[in-house]
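S.K.: Sharing a sequence plus its predicted fold:
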2 protein chains.
Amino acid sequence: MSFDISVQCKGSIMVSSLLLDLSSSSYSTTSRLLLPFHGNKTLTLNRRLFSKAVPCGRRSPAFSPVTMAMAADTSAKIIDGKLIAKQIREEVAGEVARMKNEIGIVPGLAVILVGSRKDSQTYVRNKKKACEAAGIISYEVDLPEDSTEEEVLMHISDFNTDPSVHGILVQLPLPRHMNEENILNSISIEKDVDGFHPLNIGRLAMQGRDPLFIPCTPKGCMELLHRYGVEIKGKRAVVIGRSNIVGMPAALLLQRENATISMIHSYTRNPEEITRQADIVISAVGVANLVRGSWLKPGAVVIDVGINPVDDAEDPRGYRLVGDVCYEEACKVASAVTPVPGGVGPMTIAMLLSNTLSSAKRIHRVEW
Amino acid sequence: MSFDISVQCKGSIMVSSLLLDLSSSSYSTTSRLLLPFHGNKTLTLNRRLFSKAVPCGRRSPAFSPVTMAMAADTSAKIIDGKLIAKQIREEVAGEVARMKNEIGIVPGLAVILVGSRKDSQTYVRNKKKACEAAGIISYEVDLPEDSTEEEVLMHISDFNTDPSVHGILVQLPLPRHMNEENILNSISIEKDVDGFHPLNIGRLAMQGRDPLFIPCTPKGCMELLHRYGVEIKGKRAVVIGRSNIVGMPAALLLQRENATISMIHSYTRNPEEITRQADIVISAVGVANLVRGSWLKPGAVVIDVGINPVDDAEDPRGYRLVGDVCYEEACKVASAVTPVPGGVGPMTIAMLLSNTLSSAKRIHRVEW
């Protein structure tokens, strides 16, 4: 399964270039995609939450010397997703090279693209580039918009049995005449590198079971917490948003590491009060600046998954990107914050590469 | 999968007769079984939580005229699981009869018992009786303790393809030489009436997906809330205990109905404070009288899944059964409380019958 960044600004401008290093297989900034199964409730969600979300401060800069200077002016540490993602991609590249040298196996990722949406083409191209840089072979199938579901299923079936393919992605959205659930469920659980198969999610939820793959974006959030040495066990964690691809698996992951979790969603009556109790906040709801400084407990660690466009006449593009969390305010209250862009965004594709490598190692019984 | 009540008192007395109408396929009072995948942490859990659990009040009576009188003396409504379970069993019996009349199909439940544990034999006998009373045919396979895993798998395979069988249970615990996970995973997802297959749990966790079966005890908790008209949407709900068979699926079910959930477990640092925020409390941790009146928000609805033996010299058996919640104190603070016994206990087996009926209806495409 593959959700991608598809930021819709005024006049339906599709943003791609700026987001290339943020996008990945299983990630979206729009609440429609972040909450793909929410149906009509999505609008309700946005309306409800947006009424509380007032634009705050100025831009949330990507990690850069400027950001570093800002960080020095405030109390919060900046969690540098771009840097960590780069490290992970290098680690993956190292292991891919070692696999090739030692057992002659090169991990392979298959991507199926149906139709000719410009944004989808960009994302697929981007994944291929990331694979190439890490030494992972990518296989691409491009099918015309009017292909049948059976054709897609046939290609998945081929990839399921192809020993050179260790991960399979179907680029979403699919044309409307196709049954997305059928198609995604047909991907072999052993090659479902996005980790969205219900069997994987069930294993994620259950004590004593282990998922084969952890969905990329929530895995990226956890990796940031781990690499920044954030203690999770026994901490209060609040996850804002309960989508299948980010919020829900993020909560399950935090619980697996013995955090005490609370989940906030569109029906939550007092999100600010609950969030203020949290030592760790993960927000993945897709509403610009929803989480204000007043929502945060002093010293909290904030992982901001949202990437939301807001009007900005000063920006040549006419908009800028902000997270779900009011960055400037968070910097004054939290102990550590992810910027947007440059926080969670770059982690997702790094995790996709990592999952593809893990799959190849598992299939070929590589122990290291 | 099948967990049962196996109350271990001083001198390892196995309780059965009193519990017959409480037991069911997927339920246990011991924290070892309530938290079957917790491993060594179970002890930690009990030690930690027990240090806070002081014996409280006197017995928590089963629903009876006496209970009614008590309820009248306090503010809380008594949630009568015994009565609701009876209603459900009658409803199931009615639908089973209708199926037989209209399409000539009788729902069937297969139970596999390995070994000769007295308690397991009692539970299996009990399930058979409940099936008979509802008009469901039960099929039993009794295998000796030294059977092989392959023999069990063979019987499951037979039941998986047998069109007269709509639900399959394997009575736990299995002998140590068998791989429980292998055996349970071999049950056809369409006949897994306990609902513990990871694929079912994944569907339970995901928006837009529906599990084929909902695990019996948490389903029973929800049924009590529904039948007593408790509003769930938008309410704060706290689940104490995160076992695969009760706590975790209960939290997922509450979230599916748009409650804002928090999960408390052995690593939670301030369980009392968090529980006091809840409009709905489900406790399934297996520690006697853990939840005191001071833990509860005035007006909260309390569902007590625990059934714990405590010493009682006045009782001819030398012990009595109490819940996780100090019943007398809860009655003074909550708006509604389940008693122990007579609350959640009787619901579990009623839900097992309900799941078996649902399975037969689904397999035979019965629309009503």
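M.R.: Sure thing, it's come through. Numbering: from 1, shown residues only, chains lettered A, B, ... in the order given.

S.K.: can you map out the strands along chain A?
M.R.: A:77-78, A:108-114, A:137-143, A:167-170, A:236-240, A:260-264, A:280-283, A:301-304, A:308-311, A:319-322, A:336-337 (DSSP state E).

S.K.: Just put those strands in CSV and tack on distance to B:His166 and mean neighbour count.
M.R.: Bear in mind the C-beta positions are built from the backbone N, C-alpha and C, glycine included. Shown next, in CSV, are these (distance: least, CB to CB, whole Å; neighbours: other CB atoms under 10 Å in any protein chain shown):
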stretch, distance to B:His166, mean neighbour count
strand A:77-78, 57, 20
strand A:108-114, 37, 24
strand A:137-143, 40, 17
strand A:167-170, 34, 29
strand A:236-240, 38, 29
strand A:260-264, 34, 26
strand A:280-283, 41, 28
strand A:301-304, 45, 29
strand A:308-311, 49, 17
strand A:319-322, 53, 23
strand A:336-337, 53, 27
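
S.K.: among these, which is nearest A:Pro211?
M.R.: Of all the strands of chain A, it is strand A:167-170 that lies closest to A:Pro211, at 14.4 Å by CB to CB.

S.K.: Distance from that closest one to the middle of the chain?
M.R.: Distance of strand A:167-170 from the chain centroid (CA atoms, centre = their mean, to the nearest Å) equals 16 Å.

S.K.: re the thing from before, mind putting the strands of chain A into TSV with mean pLDDT and distance to chain B?
M.R.: Putting those into TSV (pLDDT from 0 to 100; distance: least, CB to the nearest CB, whole Å) gives the following:
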stretch	mean pLDDT	distance to chain B
strand A:77-78	96	23
strand A:108-114	97	21
strand A:137-143	97	25
strand A:167-170	96	17
strand A:236-240	98	8
strand A:260-264	98	4
strand A:280-283	98	13
strand A:301-304	98	16
strand A:308-311	94	21
strand A:319-322	94	25
strand A:336-337	98	20
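
S.K.: got those as TSV, with distance to B:Met154 columns?
M.R.: Formatted as TSV, the strands of chain A follow (distance: least, CB to CB, whole Å):
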stretch	distance to B:Met154
strand A:77-78	59
strand A:108-114	37
strand A:137-143	40
strand A:167-170	34
strand A:236-240	44
strand A:260-264	42
strand A:280-283	46
strand A:301-304	49
strand A:308-311	56
strand A:319-322	59
strand A:336-337	55
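
S.K.: Between the ones you listed, which one is closest to B:Glu257.
M.R.: Closest among these, using CB to CB: strand A:260-264, at 13.0 Å.

S.K.: Show me what the closest one is packed against.
M.R.: strand A:236-240, helix A:247-256, helix A:271-275, strand B:260-264 (3 or more CB pairs under 8 Å, 6 or more residues apart in numbering or on different chains; DSSP states H and E).

S.K.: One more pass at 10 Å, please.
M.R.: For strand A:260-264, the packing partners by 3 or more CB pairs under 10 Å, 6 or more residues apart in numbering or on different chains; DSSP states H and E come out as strand A:236-240, helix A:247-256, helix A:271-275, strand A:280-283, strand B:236-240, helix B:247-256, strand B:260-264, helix B:271-275.

S.K.: Any idea which of those gets closest to B:Ile103?
M.R.: That would be, of the helices and strands packed on strand A:260-264 and by CB to CB, helix B:247-256, which comes in at 30.6 Å.

S.K.: ok, back up a step: would you mind giving the helices and strands packed on strand A:260-264 as JSON lines with distance to A:Lys128 added?
M.R.: Below are those laid out as JSON lines (distance: least, CB to CB, whole Å):
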{"stretch": "strand A:236-240", "distance to A:Lys128": "32"}
{"stretch": "helix A:247-256", "distance to A:Lys128": "26"}
{"stretch": "helix A:271-275", "distance to A:Lys128": "39"}
{"stretch": "strand A:280-283", "distance to A:Lys128": "29"}
{"stretch": "strand B:236-240", "distance to A:Lys128": "44"}
{"stretch": "helix B:247-256", "distance to A:Lys128": "37"}
{"stretch": "strand B:260-264", "distance to A:Lys128": "40"}
{"stretch": "helix B:271-275", "distance to A:Lys128": "47"}
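
S.K.: which one of these lies closest to A:Phe213?
M.R.: helix A:247-256 (10.5 Å).

S.K.: Give me the buried positions along that closest one.
M.R.: A:Gly247, A:Met248, A:Pro249, A:Ala250, A:Ala251, A:Leu252, A:Leu253, A:Leu254, A:Gln255, A:Arg256 (16 or more other CB atoms under 10 Å in any protein chain shown).

S.K.: what's the closest of the residues you listed to B:Arg98?
M.R.: For the buried residues of helix A:247-256, with B:Arg98 as the reference and CB to CB as the criterion, the closest is A:Met248, at 38.0 Å.

S.K.: who's in contact with that closest one?
M.R.: Applying CB atoms under 10 Å, 6 or more residues apart in numbering or on different chains, we find A:Met248 in contact with A:201, A:204-205, A:215, A:218, A:239, A:241-242, A:263, A:265, A:284, B:205-207, B:252, B:255.

S.K.: again with A:Val305
M.R.: A:Val305 makes contacts with A:27-29, A:34, A:217-218, A:220-221, A:239-241, A:243, A:245-247, A:250, A:282-286, A:323-325, A:338, A:340, A:343-345, A:347-348, as judged by CB under 10 Å, 6+ apart.

S.K.: Need the phi and psi values for the closest residue to A:Gly195 other than its chain neighbours.
M.R.: Leaving out its chain neighbours, the residue that sits closest to A:Gly195 by CB to CB, 6 or more residues apart in numbering or on different chains is A:Phe213, at 3.6 Å. The phi/psi pair for A:Phe213 (degrees, to the nearest 10) reads phi -140, psi 140.

S.K.: so A:Phe213 makes contact with A:Ser188?
M.R.: No. Using CB atoms under 10 Å, A:Phe213 is not in contact with A:Ser188, being 11.3 Å away.

S.K.: So for these two, which residues contact both of them?
M.R.: With CB under 10 Å, 6+ apart as the test, A:Phe213 and A:Ser188 both reach A:Gly167, A:His197, A:Ser359.

S.K.: Tell me how far the last one lies from A:Asn126.
M.R.: Computed with CB to CB, to the nearest Å, the distance linking A:Ser359 and A:Asn126 is 20 Å.

S.K.: What of the first one?
M.R.: As for A:Gly167, its distance to A:Asn126 is 16 Å (criterion: CB to CB).

S.K.: which residues does the nearest residue to A:Gln255 once chain neighbours are set aside contact?
M.R.: Distances taken as CB to CB, 6+ apart place A:Ile261 nearest to A:Gln255, at 5.1 Å, with adjacent residues excluded. Residues near A:Ile261 by CB under 10 Å, 6+ apart: A:235-239, A:250-255, A:278, A:280, A:282, B:242, B:251, B:261-265, B:268.
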